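J.: coords below, sequence missing:
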């Protein structure tokens with residue numbers, strides 16, 4: 001971060017392009033333009049750029065995924081085709097080659113996810129900022145985009161006061177609404193709606209689900225992991241590790257069920273999710289183990305010894321079944337294998353990993369330019385798309401940042 005050049009004064013007229021947002025989409029847009037010889041000023045509301053990238057690095061920085069490209073694209077459910085076009089133009093192989101150009105080698109993990117060797121974001125971000133500085137990108141932190149004035153200039157709040165900035169091309173990459181403490185608070189939506197831009201409502205994506213735990217269960221078990229379980233909903237089964245929270249349940253098995261579970265959870269009356277607490281065993285094999293004599297053991301001790309279940313699993317069975325936890329081996333095995341949980345909502349938007357909703361693709365042309373505001377391009381999570389975790393989120397941010405920049409470059413290159 002110390003390599004970012006601080007500007008003494010923000011110019012009132014920009015000879016090139018202005019990029020608002022210092023996340024992956026904005027930084028990629030700035031690089032694409034600057035590499036083509038366009039003077040670029042990048043504005044970021046926070047004290048430094050790349051904060052969300054650094055946050056993603058806490059999980060190893062899952063850059064993309066190695067699965068077949070057709071399956072990869074299907075993760076986005078892109079009805080307009082515009083996101084697909086951006087991804088086709090900057091795919092997983094291109095992203096890995098780009099990282100290698102920064103001196104960051106990548107590898108494919110056992111799950112097919114792609115990570116940098118070293119599993120850290122900071123080396124990549126440092127190398128990237130070095131490149132951007134060499135390309136002449138000028139950084140202006142603590143500068144927040146707040147809308148347009150009547151003349152179409154970008155309104156910006158700065159530590160020195162408000163400014164109206166004019167630029168031949170503007171790229172907005174301001175993020176979604178799920179990370180307000182990192183600057184992605186969705187505050188831009190009101191300003192764009194006022195320009196007649198069509199928006200889809202914000203919704204949490206890759207989020208936890210709400211379950212109305214009893215007070216004793218919540219107090220005792222909030223924060224406890226549920227290791228090696230699987231979640232079932234809508235005919236799909238997703239394995240992984242989950243976590244009991246005060247409001248419900250989080251973790252890969254929940255996130256992996258995606259928008260179908262999210263939408264059902266937010267519907268009136270909620271929905272039902274089923275957990276398999278022992279996915280490594282068939283119901284018959286589990287029933288056989290549970291047929292061993294209890295010899296006065298508590299339910300928790302019995303399940304631990306007979307089925308290898310941790311104490312939190314026994315507590316969860318009691319939470320769902322109450323005092324009527326079945327004693328018959330077959331019935332108990334069925335409960336362990338298909339534990340029904342009533343889902344009554346989702347985590348709040350600011351607890352979600354990503355955001356669904358935002359600017360609809362119908363509001364953009366093929367170059368990702370706002371039809372209502374010629375010369376203004378959008379990228380990243382501002383746009384109405386969603387995808388699961390696993391590298392898909394970052395891949396789309398990089399790809400849309402590049403696509404918006406290429407659109408701006410075409411405009412700037414037109415006599």
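T.: Structure received. This one's a predicted model, so the numbers in the text were calculated from it and none came from an experiment.

J.: beta-bridge partners for residue 148, please?
T.: residue 154 (DSSP bridges).

J.: and the pLDDT at it?
T.: Here, the pLDDT recorded for residue 148 equals 95.

J.: likewise the one 10 residues further on?
T.: Among the per-residue scores, residue 158 shows a pLDDT of 94.

J.: phi first, then psi, for the nearest residue in space to it that is not next to it in sequence.
T.: Computed as CB to CB, 6 or more residues apart in numbering, the closest residue to residue 158 that is not its neighbour in sequence is residue 143, at 5.0 Å. Where you see a C-beta, it was placed from the backbone N, CA and C, and this is true even at glycine. Phi and psi for residue 143, reported as degrees, to the nearest 10, are phi -120, psi 110.

J.: list the residues that contact residue 143.
T.: By CB atoms under 8 Å, 6 or more residues apart in numbering, the contact list for residue 143 reads 10, 43-45, 156-158.

J.: which one of those residues is nearest residue 358?
T.: residue 45 (17.2 Å; CB to CB).

J.: ok, the closest one to residue 244 distance?
T.: Distance of residue 45 to residue 244, computed by CB to CB, to the nearest Å: 35 Å.

J.: ok, residue 95 next?
T.: Distance from residue 95 to residue 244, counting by CB to CB: 35 Å.

J.: ok so, going back, quick one: which two of the contacts of residue 143 are the most distant?
T.: Using CB to CB, the two most remote members of the contacts of residue 143 are 10 and 45, lying 13.8 Å apart.

J.: compare these two (neighbour count), which wins?
T.: Legend: neighbour count by other CB atoms under 10 Å for residue 10 and residue 45, higher for residue 45 (22 against 17).

J.: isn't the more buried one right next to residue 142, touching?
T.: Yes - contact criterion CB atoms under 8 Å: residue 45 and residue 142 qualify, at 7.0 Å.

J.: shouldn't residue 288 be within a helix?
T.: Yes - secondary structure of residue 288 (DSSP: H, G, I helix; E, B strand; the rest coil): part of a helix.

J.: distance check, the residue lying closest to it once chain neighbours are set aside against residue 294.
T.: In space, and not counting its chain neighbours, residue 288 is closest to residue 329: 7.4 Å by CB to CB, 6+ apart. To residue 294, residue 329 is 11 Å away according to CB to CB.

J.: with neighbour numbers in mind, choose between the two.
T.: Neighbours were tallied for residue 329 and for residue 294 using other CB under 10 Å; the higher tally belongs to residue 329 (16 against 13).

J.: tell me the confidence at the more buried one?
T.: pLDDT, read off for residue 329, is 93.

J.: how about residue 256?
T.: As predicted, residue 256 sits at a pLDDT of 89.

J.: that one touches residue 388, doesn't it?
T.: Yes - between residue 256 and residue 388 there is a contact under CB under 8 Å: 6.1 Å.

J.: hey, what's in contact with both of these two?
T.: Counting by CB under 8 Å, 6+ apart, residue 256 and residue 388 have no contacts in common.

J.: where's residue 379 relative to residue 408, distance?
T.: Applying CB to CB to residue 379 and residue 408 gives a distance of 10 Å.

J.: need the overlap of contacts for these two.
T.: By CB under 8 Å, 6+ apart, the residues touching both residue 379 and residue 408 are 29, 171.

J.: and residue 210, what does it touch?
T.: 247-248, 265, 343-347.

J.: excluding chain neighbours, give the residue nearest to it in space.
T.: residue 345 (3.7 Å).

J.: nearest spatial neighbour of residue 125, skipping sequence neighbours?
T.: Closest to residue 125 by CB to CB, 6+ apart is residue 50, at 4.6 Å.

J.: phi, psi for residue 158 please.
T.: Torsion angles, degrees, to the nearest 10, at residue 158: phi -130, psi 170.

J.: got the contact list for it?
T.: Applying CB under 8 Å, 6+ apart to residue 158 gives the contacts 10, 140, 142-144.

J.: so how far is residue 269 from it?
T.: 48 Å.

J.: equivalent analysis for residue 376, please.
T.: 42 Å.

J.: more neighbours, these two?
T.: Each of residue 376 and residue 269 has its neighbours counted (other CB under 10 Å); residue 376 has more, 26 against 7.

J.: contacting residues around the more buried one?
T.: By CB under 8 Å, 6+ apart, the contact list for residue 376 reads 169-172, 369-370.

J.: show me how this protein divides into domains.
T.: Listed by automatic domain parsing, the domain ranges of the chain are 17-204+356-413, 209-346.

J.: measure residue 316 to residue 271 for me?
T.: From residue 316 to residue 271 the distance is 18 Å (CB to CB).

J.: of those two, who's got more company?
T.: residue 316 (25 against 19).

J.: and the host helix or strand of residue 97, what's its mean pLDDT?
T.: Remark: residue 97 resides in helix 92-101, with elements defined by DSSP states H and E. Averaged across helix 92-101, pLDDT comes to 97.

J.: and the contacts of that helix?
T.: By CB under 8 Å, 6+ apart, helix 92-101 touches 63-66, 69, 72, 105-106, 114, 116, 124, 391, 395, 398-399.

J.: are any of those residues buried, and if so which?
T.: Among the contacts of helix 92-101, those scoring as buried are 63-66, 72, 106, 114, 116, 124, 391, 395, 398-399 (criterion: 16 or more other CB atoms under 10 Å).
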